[in-house]
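Colleague: Here is a sequence with its predicted model. Questions after.
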Amino acid sequence: MDQVLSTLDFETNGQGFTDITKDINHWIKNYKLHKGILLIFLKHTSCSLIINENADINVLKDLSTYMKAIVPEKGFYPIDRSDKRIEYLHSEEGFDDMPAHIRTMLTSNNLSFSVVDGKLEIGLWQAIYIWEHRTSNKSRSLQLHAIGDFDLN
């Protein structure tokens with residue numbers, strides 16, 4: 001059993017989803033991981049790493065709409081339903097930064113997968129996405145840590 005640590009970099013196109021499933025499968029093939037565990041960590045606090053539906057684009061649209069409803073960009077109203085909106089204190093990096101941190105906190109920045117016969121063990125209708133919560137394009141880095149059996153031939 002061996003280990004490999006590596007970094008993959010991606011460019012996002014503002015708010016939305018970047019499907020990275022093919023890139024992860026390519027990484028597995030390139031490093032010849034035959035069987036093991038792959039840990040993926042997104043090294044940022046204003047975007048998320050998720051696994052979700054890959055067949056119907058409306059799923060991603062609905063997820064985005066729902067997240068914007070529960071984490072608005074221009075402050076929020078308390079759950080006691082008072083009429084006074086609370087503004088975010090953190091705004092040095094832009095109006096969209098604090099909501100992005102909250103959205104990341106509600107989702108995830110890491111995933112783990114089994115790899116069997118050199119392939120990710122994910123469902124037929126699943127994909128791995130970077131979910132960008134910021135409005136502008138961003139450079140994002142993933143740390144990949146594989147533990148398992150590698151084909152060394």
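Modeller: Thanks, I have the structure now. Only a predicted model underlies this, so the values are computations on that prediction, with no experimental measurement involved.

Colleague: What residues of the longest strand belonging to the chain count as buried?
Modeller: In terms of residue count, the longest strand belonging to the chain (DSSP state E) is strand 138-150. Neighbour-count burial for strand 138-150 flags 138, 140, 142, 144, 146, 148, 150 (criterion: 16 or more other C-beta atoms under 10 Å). (Each C-beta comes from the backbone N, C-alpha and C, glycine too.)

Colleague: Touching it from outside, list them.
Modeller: Residues outside strand 138-150 that contact it (C-beta atoms under 8 Å, 6 or more residues apart in numbering): 1-12, 20, 24, 27-28, 31-44, 46-47, 49, 115, 130, 132.

Colleague: From the residues you listed, list just the buried residues.
Modeller: 4, 10, 12, 20, 24, 27-28, 31, 33-34, 36, 38, 40-42, 44, 46-47, 49, 115, 130, 132.

Colleague: So which residues of the protein form helices?
Modeller: Along the chain, the segments classed as helices by DSSP state H run 21-31, 57-70, 97-106.

Colleague: Adding distance to residue 83 and mean pLDDT as columns, could you present those helices in TSV?
Modeller: As requested, those are arranged in TSV below (distance: least, C-beta to C-beta, whole Å; pLDDT from 0 to 100):
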stretch	distance to residue 83	mean pLDDT
helix 21-31	44	97
helix 57-70	18	96
helix 97-106	20	97
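
Colleague: Between those helices, which one is closest to residue 90.
Modeller: Residue 90 sits nearest to helix 97-106 of all these, at 4.4 Å, using C-beta to C-beta.

Colleague: Check the offset of that closest one from the chain's centre.
Modeller: How far helix 97-106 lies from its chain's middle: 12 Å, per C-alpha atoms, centre = their mean, to the nearest Å.

Colleague: For that helix, name the packing helices and strands.
Modeller: Where contact means 3 or more C-beta pairs under 8 Å, 6 or more residues apart in numbering; DSSP states H and E, helix 97-106 is packed against strand 47-53, helix 57-70.

Colleague: what comes up buried for the shortest one?
Modeller: Okay, so that is strand 47-53. Neighbour-count burial for strand 47-53, counted by 16+ other C-beta under 10 Å, picks out 47-51, 53.
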